[in-house]
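Visitor: got a sequence here, can you model it:
(4 chains)
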4 protein chains.
Amino acid sequence: MLTCRTEIRVRYAETDMMSIAYHGSYLPWLEIGRTELLRQNGFPYAELERAGYRLPVLEIGMSYKRPALYDDVITIETTLREKPVLRIRMDYRLFKGEMLIATGHSVHAFLNHQNEVVRPPANFVAAIHRWFADAKS
Amino acid sequence: MLTCRTEIRVRYAETDMMSIAYHGSYLPWLEIGRTELLRQNGFPYAELERAGYRLPVLEIGMSYKRPALYDDVITIETTLREKPVLRIRMDYRLFKGEMLIATGHSVHAFLNHQNEVVRPPANFVAAIHRWFADAKS
Amino acid sequence: MLTCRTEIRVRYAETDMMSIAYHGSYLPWLEIGRTELLRQNGFPYAELERAGYRLPVLEIGMSYKRPALYDDVITIETTLREKPVLRIRMDYRLFKGEMLIATGHSVHAFLNHQNEVVRPPANFVAAIHRWFADAKS
Amino acid sequence: MLTCRTEIRVRYAETDMMSIAYHGSYLPWLEIGRTELLRQNGFPYAELERAGYRLPVLEIGMSYKRPALYDDVITIETTLREKPVLRIRMDYRLFKGEMLIATGHSVHAFLNHQNEVVRPPANFVAAIHRWFADAKS
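Guide: Numbers count the residues shown, from 1 in each chain, chains lettered A, B, ... in the order given. Alright, predicted model coming up:
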C-alpha cells in the first residue's frame, strides 16, 4: 500500500454561489493527489506521457461530507492499495485539518498513443513491485 | 420515472492535452441535465434557490466508456427514478449520436439557508407526486 | 465587417461565491462566440485544426460592466472588423436582453503543428475576402 | 510599489487540446497572485470578505508570449504600483524559470454587500499608506 499526502488551498475560482468549493473542483485536486504520489515514488506523470503512455480516467466517485471553503487548506491523502495490472485504482481522503471532508476513488487504464489499452511500461511495473515489497517489509 | 434529454456542445475550454473532453468537464454537463429536467417539469432550480433551498451534491459517480471530443454534440439523458424523500438521486446517460459514451449519477440533499437538512418544499413534493402519478398512468 | 450573435446560459459551475458568474467564465463564452462566427461562415474551427492549423490566443481583454447571474441567458455578439493577415482580432459585446454587460477582445495567430507562425490557409483567406466583399456591397 | 512572488504548478485540468495551459487558466493564477500579495501584507482577502467587502473584477487583460505546459512551475509576480483610491489595479508578470511567458493586469472596485461601490475600509487604507511609505524609504 502506497500513500501520499499533499495540500492545496481552495481558490476563489473554485467556489460557487453556495459559497463553498464547487463539487467539480475536487476532481483536479484528486489529480494533484495521484500526480504527487507518482512523483514522490519516482514516476512523474509528465514523463509517463513523454514515454507514450496516457492514463485516462475510466471511473470516478466522490462522496462529499463537509464543505470546503475559499482559502481553506485541504490535505489530499492518496492511496494505491493494490498492484495495478491493466487498470490502476487510486483512493482518496480529503481533510480540513483533522476533519475528513470527502472521500473518492478513480480508476484508470494505460493507453498508448494509438489509444490502445496496454500493459503499463516494464519500468513502471518493476517500480510498483519494489514499492509494494518495501511497504510489506 | 421522469426523463429529460438535453444537448451540449463540447467547448475547447473543456478539452485537455489528451485531446478529449477532460473528465471533470462532465460534472457541469450533469448539472445542465438535472437543471433542465427540473425546468421542463416546472421547477427551475433558480426559483428553488430564491425560495431559500439549495441542493448540494452529496455523491457523484461517473463511468467513462468512450471519449467526447471538441465540438461534439452530446445528449444528456437525465432520469429521476424514485420519488425523493430527504435525498434526491439522478441518473445520467450521455450519448454521442446513438452511442452511449458515459453513465453517471448524483445524490443531493435539500438544505435551507442555515445549512440544515430539510424536507423539500411542499409545492415541490406535490409536483413530484403529480409527475410520478402521470408517469404511471 | 462580420458579426455573429449566439447565446449561452450561465451554468451553476460558472458562478463563484460573489453569487455572480466568475470573471474567468467569460473566456470560454468568447470562444463560443468566435467558434460560431467561423462555423456560420463555413469554417468550423474543428476543421481548421484537422487541416493542421491552430489559433492560440495571444491577447485577451475584458471589461465587466454588470454581473451575469446563474441561469441568465447571455447573448455573445462577436465581430471580425478587419481582414486578418498574420493575426486575427475578434471583438465581443455581451448582452443580457438589451443590456450591455461586458465587452472584450481577443487576438490570435495562425500556427502550424510545428508551432510556427504561418499565414492562414489559402481557402480561409479566399473566404475572408469573399465575406468582406459581400459585407461591403 | 508592492511586489509579491508566488508559484503554482500547471494542472492537467488546466491544459487544453493544444497541449498547453488553456489561456483562461491564467485568470485563477492572477487571483492567487493578488491573494498572496494581500496575505503577505497582512490583509487576507477572506477577511476582507468577512468584513463585508468584495473586490469584483472590472477589467482584465492578458498578453501571452510563450506557452505554459503541464507540470511547469510558474512564478506569478504581482505588483501594486499605485495607492488605490476607489479602484485597485494589479499588474502581473508570469515566469517559467527566468523566462517571461505572460503579462497581465486587473482592475477591481470595492463593493459592500449591498453591491454599492465604496471606499476601501479605513484599516486597509491605513495599511496601504504604511506599505507605500515603507517602500519609499
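
Visitor: near chain C, which residues of chain A? Just list them.
Guide: Contact residues, chain A versus chain C (C-beta under 8 Å from any C-beta of the partner chain): A:Y12, A:A13, A:T15, A:D16, A:M17, A:S19, A:I20, A:Y22, A:G24, A:Y70. Placement of C-beta: from N, CA and C, glycine included.

Visitor: state the distance from the residue lying farthest from the centre of chain A to D:S106.
Guide: Distance from the C-alpha centroid of chain A peaks at A:M17, with 26.8 Å (C-alpha atoms, centre = their mean). In this view, A:M17 and D:S106 are 21 Å apart by C-beta to C-beta, to the nearest Å.

Visitor: mind putting the residues of chain A next to chain C into a markdown table with distance to D:Y45, pLDDT and secondary structure?
Guide: Below are the residues of chain A next to chain C laid out as a markdown table (distance: C-beta to C-beta, whole Å; pLDDT from 0 to 100; DSSP: H, G, I helix; E, B strand; the rest coil):
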| residue | distance to D:Y45 | pLDDT | secondary structure |
| --- | --- | --- | --- |
| A:Y12 | 8 | 97 | helix |
| A:A13 | 13 | 98 | helix |
| A:T15 | 12 | 98 | strand |
| A:D16 | 17 | 97 | coil |
| A:M17 | 18 | 95 | coil |
| A:S19 | 14 | 93 | coil |
| A:I20 | 16 | 96 | coil |
| A:Y22 | 18 | 98 | coil |
| A:G24 | 22 | 98 | helix |
| A:Y70 | 8 | 96 | coil |
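
Visitor: select from the residues you listed the one having the most neighbours.
Guide: Ranked by neighbour count (other C-beta atoms under 10 Å in any protein chain shown), the residues of chain A next to chain C have A:Y22 at the top, with 25 neighbours.

Visitor: which residue is the nearest non-sequential neighbour of the residue nearest to the spatial centre of chain A?
Guide: In chain A, the centroid-proximal residue (C-alpha atoms, centre = their mean) is A:R34; its distance is 2.6 Å. Counting by C-beta to C-beta, 6 or more residues apart in numbering or on different chains, A:M90 is the residue found nearest to A:R34 once chain neighbours are left out, at 4.9 Å.

Visitor: kindly report the same for A:I88.
Guide: The nearest residue in space to A:I88 (C-beta to C-beta, 6+ apart) is A:H108, at 4.8 Å.

Visitor: next structured bit after the helix or strand in which the one you found is found?
Guide: Using DSSP states H and E, A:H108 sits in strand A:99-109. Per DSSP H and E, strand A:99-109 leads on to helix A:122-136 as the next helix or strand towards the C-terminus.

Visitor: what is the burial count for the closest residue to A:W131 other than its chain neighbours?
Guide: If the residues on either side of it in the chain are set aside, A:W131 comes closest to A:L2, at 5.4 Å by C-beta to C-beta, 6+ apart. A:L2: 18 surrounding residues under other C-beta under 10 Å.

Visitor: which residues touch A:L2?
Guide: A:L37, A:N41, A:T79, A:L80, A:W131, A:F132, A:A135 (C-beta atoms under 8 Å, 6 or more residues apart in numbering or on different chains).

Visitor: touching, the second one and A:A127? I think so.
Guide: Read it as A:N41. Yes. Taking C-beta atoms under 8 Å as the definition, A:N41 is a contact partner of A:A127 at 6.8 Å.

Visitor: quick one: low-confidence parts of chain A?
Guide: Under the criterion pLDDT under 70, the flagged ranges of chain A are A:135-137.

Visitor: before we move on, back to that, ChimeraX command to pick out the buried ones of the contacts of A:L2?
Guide: Buried residues within the contacts of A:L2, by 16 or more other C-beta atoms under 10 Å in any protein chain shown, are selected in ChimeraX with:
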select /A:37,41,79,80,131,132
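
Visitor: ok, A:E82 - contacts?
Guide: A:R89.

Visitor: any chance of the backbone angles for it?
Guide: Dihedral angles of A:E82 (phi, psi; degrees, to the nearest 10) stand at phi -120, psi 150.

Visitor: with A:N41 instead?
Guide: phi -100, psi 20.

Visitor: repeat for A:I20
Guide: Per degrees, to the nearest 10, the backbone of A:I20 is at phi -130, psi 170.

Visitor: my read: it touches A:D72, true?
Guide: No. Contact criterion C-beta under 8 Å: A:I20 and A:D72 do not qualify, at 9.6 Å.

Visitor: so A:K83 sits against A:I128, correct?
Guide: Yes. Applying C-beta under 8 Å as the test, A:K83 and A:I128 come out as touching, 5.5 Å apart.

Visitor: in terms of neighbours, single out the busier of these two.
Guide: Legend: neighbour count by other C-beta under 10 Å for A:K83 and A:I128, higher for A:I128 (20 against 12).

Visitor: tell me the spacing between that one and B:L2.
Guide: In terms of C-beta to C-beta, A:I128 sits 46 Å off from B:L2.

Visitor: show me which residues of chain A sit near chain B.
Guide: Counting by C-beta under 8 Å from any C-beta, the residues of chain A near chain B are A:17-18, A:20, A:23-24, A:27-28, A:49, A:54, A:56-64, A:67.

Visitor: list only buried entries from those.
Guide: When the residues of chain A next to chain B are checked against 16+ other C-beta under 10 Å, the ones flagged as buried are A:17-18, A:20, A:23-24, A:27-28, A:49, A:54, A:56-62, A:64, A:67.

Visitor: measure A:W131 to chain D for me?
Guide: Using C-beta to the nearest C-beta, to the nearest Å, A:W131 is found at 21 Å from chain D.

Visitor: try A:L111
Guide: 15 Å.

Visitor: now swap in A:T78 and tell me
Guide: For A:T78 relative to chain D (C-beta to the nearest C-beta), the value is 14 Å.

Visitor: quick one on the thing from earlier: and chain D, which of the buried ones among the residues of chain A next to chain B reach it?
Guide: Answer for these near chain D (C-beta under 8 Å from any C-beta): A:L27, A:P28, A:E49.
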